[in-house]
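Student: Got a predicted model here, sequence first, then my questions.
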Amino acid sequence: MNEQNGGINSARMGQMPEGKLLLTLAVPIMLSMLVQALYNIVDSIYVAQVSEDCLTALSLVFPAQNIMIGLATGTGVGVSSLISRALGADDRERAGRVAGNALFLCLCCWAAMFIFGVFGAQWFVNTQIDDAAVRDYAGSYLRIVSMGSIFLYFEITFERFLQSSSLTKLSMWTQMAGALTNIVLDPFFIYGWCGLPAMGAAGAAVATVLGQAVGAGLGLFFHLKHNKEVPLGLKFIRPKGRLIGEIYEIGFPSIIMMCIGSLTNYIMNLLLVSFTKTAVAVYGAYFKLQSFFFLPVFGINNGLIPIIGYNYGAGKVDRIHRTTRYGVLFAGVFMLLGLALFELAPGLLLSAFNPSAEMLDIGTHAMRRIALHFPIAAFCIVAGSACQALNKSMFSLITSCMRQIFALIPAAYLLSLTGDVNNIWWCFLIAEIVSFIFSFFFLRKAMRDADRRLRA
């Protein structure tokens, strides 16, 4: 079978040289991730032209928005891994049941976020800042993206269906279509082009939801037309508690890790705003810029997980080892490029956000100090995904807790006591060193356990 008729190519997944296979699957995802990163940056550039307060508002809502994305991607990790294993074991019926339950979970996640958008969005913003203008911008944005998150959940879920069947090019077009739609619509709703009302930050939220709707619709179309290996019908959508438990046994640690990340960002916002709200804008700008390097690495991971899952199901342990090594290599190259750019041209990167003199000064220090952890993060990210694919998701969860709760947050707080906001940025390097220690230990243990199980 080939990618055009939707079948998963067993010869490719089980026999193609691992480096070539990983690039074959990951490059389309990486390209779509780069478009997603472009959207992230363009979205913020647009609102930054309205005012620095608008950019600050997007930084304040990021922790809550990250939880929404975490629910989708964490569930997707479990779904992708289980579908890949089912296909590796030639069990299409089980693959269909996993897919059907994934759609049911999309509705559950959206219901939770809709309630949050109605009753909790403004409260969440108000806990972080007293500035009325920033509160208004952030509250309106968060309400809209929360209540419209149904399209986010379906878009990411259909992308995972396609990736699990090695249809990564179709997954790429799905994500690119959503991101490009968002980019095109942004100025119409933010600035009020063509007679539309100028909505500012709320307009960015409307464009985001509409972009996700386009991505979800295209993902559904591609799945029904091309992904014949993963059947989808009403009989599969009936919720099965045991199967949902298996999905979250793998994916729940990813969700918790994203929630921990959101907690970290929330606390960082509180620490930074105690110095100046400009520091919060810098923090938000950093996250948009770093996505150009982190998102492609996550794209490598999205290619790596189904390969490891397939070969784990097929009992090919040597291919698991080699795939993981190639993942670390490719991720490391990307992160070294990111390090070089952040160190050599921080002012150029920040210039896209119409920075004030204060933002440029704080941002230059931030970019150079934070970027030092990029190469270490490359290994840690790949190691965590490899553990998840080998059904050792708890290892990733423990590592994330140690990095962010027990290292990054305490380090940031202690560094804030120096009275210099620029010292806070060192907390990222400190935390990543802790993460590396745990990631190395857990990856080694996960690989040894896989060796024992598959070679027995």
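Tutor: Great, that's in hand.
Student: Could you look up the next helix or strand downstream of the worst-scoring helix or strand of the chain on mean pLDDT?
Tutor: Here the helix or strand of the chain ranked lowest by mean pLDDT, DSSP states H and E is helix 10-15, holding a mean of 67. Per DSSP states H and E, helix 10-15 leads on to helix 18-50 as the next helix or strand towards the C-terminus.
Student: Which elements pack onto that next one?
Tutor: helix 10-15, helix 52-88, helix 168-191, helix 201-226, helix 277-314, helix 317-344 (3 or more Cβ pairs under 8 Å, 6 or more residues apart in numbering; DSSP states H and E). Where you see a C-beta, it was placed from the backbone N, CA and C, and this is true even at glycine.
Student: swap the cut-off to 7 Å and go again
Tutor: helix 52-88, helix 168-191, helix 201-226, helix 277-314, helix 317-344 (3 or more Cβ pairs under 7 Å, 6 or more residues apart in numbering; DSSP states H and E).
Student: which of the residues in the last one are buried?
Tutor: By neighbour count with 16 or more other Cβ atoms under 10 Å, helix 317-344 contains the buried residues 317, 319-324, 326-328, 330-332, 334-335, 338-339, 341-342.
Student: Apart from its neighbours in sequence, what residue is nearest Met258?
Tutor: Distances taken as Cβ to Cβ, 6 or more residues apart in numbering place Gly70 nearest to Met258, at 2.5 Å, with adjacent residues excluded.
Student: Contact partners for the one you found?
Tutor: Taking Cβ atoms under 7 Å, 6 or more residues apart in numbering, we find Gly70 in contact with Ile255, Met258, Cys259.
Student: Thought Ile67 was touching the last one, still the case?
Tutor: Yes - Cys259 is in contact with Ile67 according to Cβ atoms under 7 Å; the separation is 5.8 Å.
Student: what about these two, which has more around it?
Tutor: Set Cys259 next to Ile67 and count neighbours by other Cβ atoms under 10 Å: Ile67 wins out with 21 against 17.
Student: close enough to count as contact, the more buried one and Ile256?
Tutor: No - counting by Cβ under 7 Å, Ile67 stays clear of Ile256, with 10.6 Å between them.
Student: measure Leu142 to Gln49 for me?
Tutor: Distance, Leu142 to Gln49, by Cβ to Cβ, to the nearest Å: 21 Å.
Student: Give me the more crowded residue out of the two.
Tutor: For Leu142 versus Gln49, the count of surrounding residues by other Cβ under 10 Å is larger for Leu142: 28 against 14.
Student: The more buried one against Val125, yeah?
Tutor: Yes - under the criterion of Cβ under 7 Å, Leu142 makes contact with Val125 at 6.4 Å.
Student: Mind listing the shared neighbours of those two?
Tutor: Val61.
Student: quick one: low-confidence parts of this structure?
Tutor: Low-confidence segments of the chain (pLDDT under 70): 1-11, 456.
Student: which residues does Tyr137 contact?
Tutor: Asp53, Cys54, Ala57, Gly200, Ala201.
Student: swap the cut-off to 8 Å and go again
Tutor: For Tyr137, the contacting residues are Asp53, Cys54, Ala57, Gly200, Ala201, Ala202, by Cβ atoms under 8 Å, 6 or more residues apart in numbering.
Student: Would you check how far apart the first one and Leu408 are?
Tutor: Same thing as Asp53. The gap separating Asp53 from Leu408 is 27 Å, by Cβ to Cβ.
Student: Likewise for Met176?
Tutor: The value you get for Met176 to Leu408, if Cβ to Cβ is used, is 32 Å.
Student: Ok, Gln175 next?
Tutor: Taking Cβ to Cβ, one finds Gln175 at 29 Å from Leu408.
Student: again, but for Asn311
Tutor: Relative to Leu408, Asn311 is positioned 34 Å away (Cβ to Cβ).
Student: Please identify which of these two sits among more neighbours.
Tutor: Neighbour tally, Asn311 and Leu408, criterion other Cβ under 10 Å: the higher count belongs to Asn311, 27 against 24.
Student: Surely the more buried one and Gly88 touch.
Tutor: Yes - under the criterion of Cβ atoms under 8 Å, Asn311 is in contact with Gly88, at a separation of 7.2 Å.
Student: Mind putting the contacts of Tyr137 into a markdown table with neighbour count and distance to Gly120?
Tutor: Converted to a markdown table, those look like this (neighbours: other Cβ atoms under 10 Å; distance: Cβ to Cβ, whole Å):
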| residue | neighbour count | distance to Gly120 |
| --- | --- | --- |
| Asp53 | 22 | 22 |
| Cys54 | 23 | 22 |
| Ala57 | 33 | 17 |
| Gly200 | 23 | 22 |
| Ala201 | 26 | 18 |
| Ala202 | 21 | 17 |
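Student: of those, closest to Gly219?
Tutor: Taking Cβ to Cβ as the measure, Gly219 lies nearest Ala202 of these, at 26.0 Å.
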